[in-house]
Each structure stands twice: as structure tokens, then as C-alpha cells.
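> sequence and predicted structure, then a few things I'm wondering about:
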Amino acid sequence: MAAGLLAVLGGQGPVRGSVDPAGLAPSTHLSDTLVAQPESMPARVALGPGGRDVRLSGELTDGVAERLARLLDDHPGIERIHLTSEGGLVDEGAAIGALVVRHGLVTYVPDYCVSACTLAFVRGRERLVLEGARLGFHAPYETGPFGIEVAADSAPERAAYLAAGIEPAFVDAALTVRPDDLMIPDVARLVAARVATGVVDAYRFPDSTLDDRPDPDRARAVVLRDVPILASVEAKASEAVRAMTAWYLDGYANGRSEGEAVDGLRRMAARIVADALRRAEPAALVTLGRLTLRVIDRVAPDRTEACTAAGEGLGAVLTRSSLGEPDLAVARAALAQATFTDAVPDAPEMAAFAARDCAGLRRALTAALALSPREAAGALRPLLFPEPALAHATAQAE
């Protein structure tokens, strides 16, 4: 991950600055939140599901550490803090770090933790990051009259990082970065430099995607971001997307992991999309068959995932997160002509699809696409819309 040139948010008077992470490369969690919030909001501090973790999301403004202290005192069973912050006041970051030590907390970054936020993160008993999460470092600064930035003494930050056991060369590099820039190492470098003690996948902890604002509007935005094809579904079957949003929000409130949540959304979306496209005209089915063949032909690292999705059918192909914009445009055009039912999606249990041989499926698709459009449509339907109990019966068209 490369460091981007980021805007520094000025403060009133000589306060330590915070970094606006809007220029960070987008992840599965970040870009839409920051676009929707051009001004940093004071951190939200809330108890997580089950009372075992606390969520801190937003700018570290005056009083955030005090609010966190009250929550920790009221809930002695808290073991972990989820940090999602663009930074803020250094004193607040340091005070939060002291609370982390006092309560023996594990620190966890599910998305991004920038500037003063890192002072809290490095105090964790364990320091864990989600795959793809970003920590951003830069030299401290102060904002004086007229918004002029002046260098600040970095000794407190240096001492805090070194006391946490971070590699001295990493600390030197971090504190020489200009205040209007960020050093954003990849997670392997964070572990090697002892900034983080481990990397976890999206199934390890309860979802933190809605930590900033756990309400229906925010949940809907996340659902549409995680499964982009649902924007086309919503235009014609809005009740289905509302039901999926409610399912997602309920799962967040009850501690479902992000991995489980995204998997469930995609399974529900796949069923809706497949049901709508099953009755498509022959020309549309040929176009979608070609799309599926393109997906299968992609090179590693996507090929295994692509083959698995293609084996489950067209719905699974079109709800993949890595489907490119040209293919999404093809899918949107097909859905614009599709007929949707009024049915609300069922709970997203895993369908019992038997594995289909990728090479055999590719040969079958190629053979079907060589036929006339009407004949091709007949050959493509069982390939694009396999029934779970019949998924093993891959057509043997050669």
C-alpha cells in the first residue's frame, strides 16, 4: 500500500493536528464513509455485542479518553478495543493508550488507524490488524495562527513507539514523514517491525463496519458497497434490499463477523439475481455466458474463487466483489430488462452445491456459446442456473 498525499485538517489554536484519510486507497470499509463525512466527527465510543469489546470510531477530540474510561469502568469484562480513527489530539491518543495498558486490552484495527490513533494501538497486550487494514504514521505538528503548520517535538511519540518495542528504524522513518503526508506500511511490514503482533481474517472478530454509525442508512450503504450489483436490484426490487439491510444490521448488533455478513449478503443477492435472470431472452443469456467464461479465464489469484463462483451459477458470479466495472455494466444492462418477484430473500444458508470441474465447465460454456443464440440459451441455462441438488450434473457438451 502506498502512502497518499493527504489533507491536514487545521484546528483552532495551537493544537496537534489530525489527518484526513480521504486520500487513502479505498478498502472494503473506508472510502464511502469519508466521502459522506467531509468534516471529522468526534469519536463514537460504544460497547460491542456481548460486552467483550469496545468500539472507538472517529476523531480523537478532547474528552474521548474520559468517555472511554467511564465505559471501561462500567464494563469490566471488556477484553478488546476496535480502533477506527483518522487521529486527532496526541494527548487523547496517549491517554487512550494508558487505558489500554491499565485494563490489559487487546487492540484491533479493522480498517484504518492514523496518526495519534497509533499511539493507542501500540499499547495493546496484543496488537492485531485485519488483512488489508492500514496504519498511518507521520511527524507531529502544531497549527498556529492563520493555519500555519510548525514542527512539533516528536520526542513523546518516539518514546511511546520505542517503549512498545517497535523497531527503531521504523520509528525513525515514521517520524520523518511530513505532516501533510502519511507512511502506510503493508501489514507484513507492520508485523516485521513489531508494530502489530498478528494479522486476522474477517471471520475472527465481530463486524466493525458500522462502528461509526450503526443505523439503517449506513447499513444500506455498506450492503450496496459490498455487493455492487444490488444497486440494480434495488431499482426494481427495493423491498429485497431493505430486507437484506435489516438482516445485516441485526447481525452487526448481535456480533456476526464481517466475513459471515458479506458471505450471507452475497448468497442472498445471488439467489435474487439468478431468479431474475433465469427467464432472460436468449441474446442476454449468451452475453451472460460470455461474461462467465471471461471470469473463469482470469489468471491467479482470482481464478480459484472465480471457478468456485461459476460452479455455483450466474448469481454467484455477478455478486463477487472483484467483478470489474465492464462486467458489472453488462450485468446491470441484463438486470434492467429482467423481471423480479416481490419475494423477500430467505436467510442466507449455504446451498449444498457439489463442486464442478472448472475445466469441464469451461469446455461446456465454450461449446454452448458456439451454437445459435436460441440453441445456446438452452445449453447455457443448466450451466448458469444449476439447482443445488443437481449441481454435479455439468453438461458434457464438448
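Looks like it arrived, so ask away. Numbers count the residues shown, from 1 in each chain.
> could you use CA atoms for every contact and neighbour count after this?
Noted.
> confirm that Gly315 sits in a helix.
Yes - applying DSSP: H, G, I helix; E, B strand; the rest coil, one finds Gly315 inside a helix.
> distance of it relative to Arg278?
10 Å (CA to CA, to the nearest Å).
> ok, the two, which is more surrounded?
Counted by other CA atoms under 10 Å, Gly315 and Arg278 do not tie: Gly315 has more neighbours, with 25 against 17.
> so the more buried one touches Met268, yeah?
No - counting by CA atoms under 8 Å, Gly315 does not reach Met268; the two are 9.3 Å apart.
> quickly list the domain ranges of the chain.
Using automatic domain parsing, the domains assigned to the chain come out as 8-200, 216-390.
> out of those, which is closest to Asp207?
In terms of CA to CA, the element of the domains of the chain nearest to Asp207 is domain 216-390, at 4.4 Å.
> the bottom helix or strand of the protein by mean pLDDT?
strand 15-16 (a mean of 28; mean pLDDT, DSSP states H and E).
> tell me which element the residue lying closest to Val344 once chain neighbours are set aside falls in.
Closest residue to Val344 apart from its sequence neighbours, by CA to CA, 6 or more residues apart in numbering: Ala240 at 5.0 Å. Here Ala240, judged by DSSP states H and E, is contained in helix 238-253.
> who does that helix touch, helix- and strand-wise?
On a contact count with 3 or more CA pairs under 8 Å, 6 or more residues apart in numbering; DSSP states H and E, helix 238-253 meets helix 216-226, helix 230-236, helix 258-277.
> kindly recompute the last result at 7 Å.
If contacts are counted by 3 or more CA pairs under 7 Å, 6 or more residues apart in numbering; DSSP states H and E, helix 238-253 sits against helix 216-226.
> what lies in contact with the helix it packs on?
28, 210, 230-231, 245, 248-249, 262, 321 (CA atoms under 7 Å, 6 or more residues apart in numbering).
> tell me if I'm right that Ala43 and Arg55 touch.
No - if you go by CA atoms under 7 Å, Ala43 and Arg55 don't touch, sitting 9.5 Å apart.
> those two: which is more packed in?
Neighbour count, other CA under 10 Å: between Ala43 and Arg55, Ala43 has more, with 26 against 22.
> and the residue lying closest to that one once chain neighbours are set aside, how many neighbours does it have?
Closest residue in space to Ala43, ignoring its immediate chain neighbours: Gly58 at 3.8 Å, by CA to CA, 6+ apart. Gly58 has 22 neighbouring residues, counting by other CA under 10 Å.
> before we move on, the earlier item: of the domains of the chain, which is nearest Pro206?
domain 216-390 (4.2 Å).
> quick one: distance of the closest one to the chain centre.
With CA atoms, centre = their mean, to the nearest Å as the basis, domain 216-390 stands 19 Å off its chain's centre.
> the strands in the chain, which residues?
Along the chain, the segments classed as strands by DSSP state E run 8-9, 15-16, 18-19, 44-47, 53-57, 80-84, 106-109, 112-114, 127-130, 134-136, 141-143, 149-151, 198-200.
> now tabulate these in JSON lines and tack on distance to Pro386.
Compiled in JSON lines, the strands of the chain are given as follows (distance: least, CA to CA, whole Å):
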{"stretch": "strand 8-9", "distance to Pro386": "53"}
{"stretch": "strand 15-16", "distance to Pro386": "59"}
{"stretch": "strand 18-19", "distance to Pro386": "49"}
{"stretch": "strand 44-47", "distance to Pro386": "43"}
{"stretch": "strand 53-57", "distance to Pro386": "42"}
{"stretch": "strand 80-84", "distance to Pro386": "41"}
{"stretch": "strand 106-109", "distance to Pro386": "40"}
{"stretch": "strand 112-114", "distance to Pro386": "40"}
{"stretch": "strand 127-130", "distance to Pro386": "34"}
{"stretch": "strand 134-136", "distance to Pro386": "40"}
{"stretch": "strand 141-143", "distance to Pro386": "60"}
{"stretch": "strand 149-151", "distance to Pro386": "62"}
{"stretch": "strand 198-200", "distance to Pro386": "34"}
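> so where's the chain shaky on pLDDT?
Confidence mapping of the chain against pLDDT under 70 gives the ranges 1-41, 144, 146-151, 299-302, 342, 347, 350-355, 389-398.
> at 80 what do you get?
Flagging of the chain using pLDDT under 80 yields the residue ranges 1-42, 141-153, 298-304, 321-322, 342-356, 388-398.
> still on that earlier bit, okay, the domains of the chain in CSV with distance to Pro206 next?
Compiled in CSV, those are given as follows (distance: least, CA to CA, whole Å):
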stretch, distance to Pro206
domain 8-200, 8
domain 216-390, 4
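> list the contacts for Arg134?
Under the criterion of CA under 7 Å, 6+ apart, the neighbours of Arg134 are 111-113, 184.
> specify the beta-bridge partners of it.
Judged by DSSP bridges, the bridge partners of Arg134 are Tyr112.
> how many neighbouring residues does the nearest residue to Val295 once chain neighbours are set aside have?
For Val295, ignoring the flanking residues on the chain, the nearest one in space by CA to CA, 6+ apart is Ala306 at 6.1 Å. By other CA under 10 Å, 26 other residues sit near Ala306.
> Ala306 touches Asp297, doesn't it?
No - using CA under 7 Å, Ala306 is not in contact with Asp297; the gap is 8.6 Å.
> could you dump stretch 320-330 to CSV, C-alpha only?
Taking C-alpha atoms only, stretch 320-330 is exported to CSV below (Å, rounded to 0.1, in the frame of the first residue of the first chain):
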residue,chain,number,x,y,z
ARG,A,320,-18.4,-11.3,-6.5
SER,A,321,-16.6,-8.3,-5.0
SER,A,322,-13.8,-8.5,-7.7
LEU,A,323,-16.2,-8.3,-10.7
GLY,A,324,-14.8,-5.5,-12.8
GLU,A,325,-16.7,-2.4,-13.9
PRO,A,326,-17.1,-3.6,-17.6
ASP,A,327,-18.7,-6.9,-16.4
LEU,A,328,-20.8,-5.1,-13.9
ALA,A,329,-22.1,-2.9,-16.7
VAL,A,330,-23.1,-6.0,-18.7
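> can you point out the buried residues in that stretch?
Of the residues in stretch 320-330, 320, 323, 327-328 count as buried by neighbour count, 16 or more other CA atoms under 10 Å.
> stretch 202-211 too?
Those would be 202, 205-211, for stretch 202-211 by 16+ other CA under 10 Å.
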